[in-house]
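1. got a structure for you, letters missing:
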């Protein structure tokens, strides 16, 4: 990682009240965060009522959020960030390409790329069962569908408005027309999320890099982590991509407080942000833009 620039960001507020959530977006930029992450969720993994809004009650628009019970729509919040900020990079991490058709997602993603003037990055994974079964969605062949969806996005984005057809087990295209032009700096960047050889290959061949959370995402095994990253770079090189241009994002929960004693107390709270100074920091290395 020597010589790579490290950036630091914060999770955006995606919970009610909406006016406070919207105010948190330009505040994050004004505070100097380099990117803002707006994950795609419907429900939390925690029991209902366990996580209260993770900001001080007296200052609900403080951009210091993490997970609560309620989630506003991620694409919609990214659109708000695109128009309410000027320079901060916008990360939607994580979103799955299974519950929305690839064509609909391709349109929304390129729309956000235009709205933000090229500041969008999407981290994509194979989805979580909690987003599917309770809502009548079927999670079938998730990794095959993920790979196919990415190929469809690229096919549509690069079509130049000409009709395109493409065979697919899931979403065949037949003289499909995608007239939104490519943004001048290119399409949104894509980070792959997860583990295993398939994600490793996709991160290096069709993606711009990889996203995980630390320390758990590497199983606290940093020899494995180094080897997995080397494998992604090898795939990139074989595909004719520049391995040194790849991005690697780590989501790291960070408690900030006036002193170590308070920080340790907050770290042991079930939701450290509730009424306290709390920040979720995420960082990545990158060479592009």
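-> Perfect, thanks for sending it. Not measured: the values here are computed from a predicted model.
2. which stretches of this structure form strands?
-> Counting by DSSP state E, the segments of the chain that form strands are 5-11, 35-37, 89-95, 120-124, 164-166, 173-176, 189-193, 209-213, 247-254, 279-286.
3. out of these, nearest to residue 68?
-> Among the strands of the chain, the nearest to residue 68 by C-beta to C-beta is strand 5-11 (10.7 Å). Placement of C-beta: from N, CA and C, glycine included.
4. direction-wise, compare that closest one with strand 89-95 and give the angle.
-> 70 degrees (axes from the mean of the first three to the mean of the last three C-alpha atoms, to 10 degrees).
5. for strand 5-11, the distance to its chain's centre please.
-> Computed by C-alpha atoms, centre = their mean, to the nearest Å, the chain-centroid distance of strand 5-11 equals 13 Å.
6. again with stretch 194-207
-> With C-alpha atoms, centre = their mean, you get 16 Å for stretch 194-207.
7. just the mean pLDDT for that stretch, thanks.
-> Averaging pLDDT along stretch 194-207 gives 95.
8. how about that stretch: buried residues?
-> 194, 199, 200, 201, 202, 203, 204, 205, 206, 207 (16 or more other C-beta atoms under 10 Å).
9. now render those residues as JSON lines, adding distance to residue 80.
-> As requested, the buried residues of stretch 194-207 are exported to JSON lines (distance: C-beta to C-beta, whole Å):
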{"residue": "194", "distance to residue 80": "28"}
{"residue": "199", "distance to residue 80": "30"}
{"residue": "200", "distance to residue 80": "34"}
{"residue": "201", "distance to residue 80": "35"}
{"residue": "202", "distance to residue 80": "30"}
{"residue": "203", "distance to residue 80": "29"}
{"residue": "204", "distance to residue 80": "33"}
{"residue": "205", "distance to residue 80": "33"}
{"residue": "206", "distance to residue 80": "28"}
{"residue": "207", "distance to residue 80": "26"}
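10. which of those residues sits closest to residue 84?
-> Closest to residue 84, out of all of these and judged by C-beta to C-beta, is residue 207, at 27.8 Å.
11. for residue 252, see how far away the residue in the chain sticking out farthest from the centre is.
-> Farthest-out residue of the chain from its mean C-alpha position, per C-alpha atoms, centre = their mean: residue 261, at 32.2 Å. Going from residue 261 to residue 252 by C-beta to C-beta, to the nearest Å gives 21 Å.
12. take the buried residues of stretch 194-207 and keep only those in helices.
-> Judged by DSSP state H, the buried residues of stretch 194-207 include 199, 200, 201, 202, 203, 204, 205 as members of helices.
13. in this structure the fifth one contacts residue 232, no?
-> I take that to be residue 203. Yes. Counting by C-beta atoms under 8 Å, residue 203 touches residue 232, with 4.7 Å between them.
14. identify the contacts common to those two.
-> Jointly contacting residue 203 and residue 232 under the rule C-beta atoms under 8 Å, 6 or more residues apart in numbering are 209, 210, 246.
15. just give the number of residues close to residue 108.
-> By the other C-beta atoms under 10 Å criterion, the neighbourhood of residue 108 contains 16 residues.
16. let me fix that: residue 230
-> 12.
17. now do the helices in the stretch 1-150 of the chain.
-> Using DSSP state H, counting those that start in this stretch, the helices of the stretch 1-150 of the chain run over 18-30, 74-84, 102-115, 142-157.
18. per-residue pLDDT, the residue nearest the centre of the chain?
-> Centroid-nearest residue in the chain, with C-alpha atoms, centre = their mean: residue 93, separated by 1.5 Å. Here, the pLDDT recorded for residue 93 equals 93.
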